[in-house]
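What follows is a protein structure lacking sequence information:
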């Protein structure tokens, strides 16, 4: 539990996963009335000291709800681990730039949203009570944005290798600029079976290889769209 609380504070400070209520936190007693109130007071102080500010077009009230949602996500188990893994992989393999080095934040943002949606649809992540899928997407966007500025350490750790493996099947199935998706999806499916058999992928309790294949095949579509948008031939 201490680790999760530390993660919550650390992520809030690093990625700005915080909210704003108003200029005043209110009576100190309110801050200890519940976990949500404690988060609200923490963020009010963070906003007052310019540590964070509302974003994604949120009103202060919406940003408040988001901040409480973040604290809930960080108290889950598989969901926040899945989102951290997804975010680090995207920051490594799908940067917010075009092939020529020019900025393209929109391409990365769309990839985050689509891959998080695929994770939820395939059962790799789920929104806990009081949290929406939009909250999960914003949470992941904040993580990716923070990880984009990593001084090359993300590339050193290569968390994006899984996305590059998926991309290799897209590349193999591409001819004259057109992707044979039947071939690509079958290649991904076969790879998952082989990795499971070799012990390189261990399926968590409650999931099956079908969930993993569904997620990776949906992710392949996102990778392709990202490459088209950024002018890349590979990740």
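Done, it's in. Keep in mind it's a predicted model, so treat the numbers as computed, not measured.

In terms of secondary structure, what does the longest helix seen in the chain contact?
Identified as the longest helix of the chain according to DSSP state H is helix 209-230. On a contact count with 3 or more Cβ pairs under 8 Å, 6 or more residues apart in numbering; DSSP states H and E, helix 209-230 meets helix 105-121, helix 161-172, helix 181-197. Glycine gets a C-beta too; all of them are placed from N, C-alpha and C.

Report the strands that pair with the helix or strand just after the shortest one, each with its relative direction.
Read it as helix 161-172. For helix 161-172, the succeeding helix or strand toward the C-terminus, using DSSP states H and E, is strand 174-175. Strand 174-175 has the following sheet partners, assigned by DSSP bridges: strand 178-179 (antiparallel).

quick revisit: is it possible to get JSON lines of the helices and strands packed on helix 209-230 that adds mean neighbour count and mean pLDDT?
Rendered in JSON lines, the data for the helices and strands packed on helix 209-230 read as follows (neighbours: other Cβ atoms under 10 Å; pLDDT from 0 to 100):
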{"stretch": "helix 105-121", "mean neighbour count": "19", "mean pLDDT": "98"}
{"stretch": "helix 161-172", "mean neighbour count": "19", "mean pLDDT": "97"}
{"stretch": "helix 181-197", "mean neighbour count": "16", "mean pLDDT": "97"}
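
Count the neighbours of the nearest residue to residue 31 once chain neighbours are set aside for me.
The shortest distance from residue 31 to any residue that is not its chain neighbour, by Cβ to Cβ, 6 or more residues apart in numbering, is 3.7 Å, and that residue is residue 41. Residues within reach of residue 41, counting by other Cβ atoms under 10 Å, total 20.

Okay, now the unreliable bits of the chain?
Residue ranges of the chain with pLDDT under 70: 1-29.

returning to that earlier point: in the longest helix of the chain, what's buried?
Within helix 209-230, the residues that count as buried by 16 or more other Cβ atoms under 10 Å are 211-224, 226-227, 230.

Same question for stretch 93-103.
Judged by neighbour count (16+ other Cβ under 10 Å), stretch 93-103 contains these buried residues: 93-97.

Could you work out which of the helices and strands packed on helix 209-230 reaches nearest to residue 138?
Distances from residue 138 to each of the helices and strands packed on helix 209-230 were compared using Cβ to Cβ; the minimum, 9.4 Å, belongs to helix 105-121.

And the most centrally placed residue in the chain, how far from residue 47?
By Cα atoms, centre = their mean, the chain has its centre lying nearest to residue 140, at 3.1 Å. Counting by Cβ to Cβ, to the nearest Å, the separation of residue 140 from residue 47 is 22 Å.
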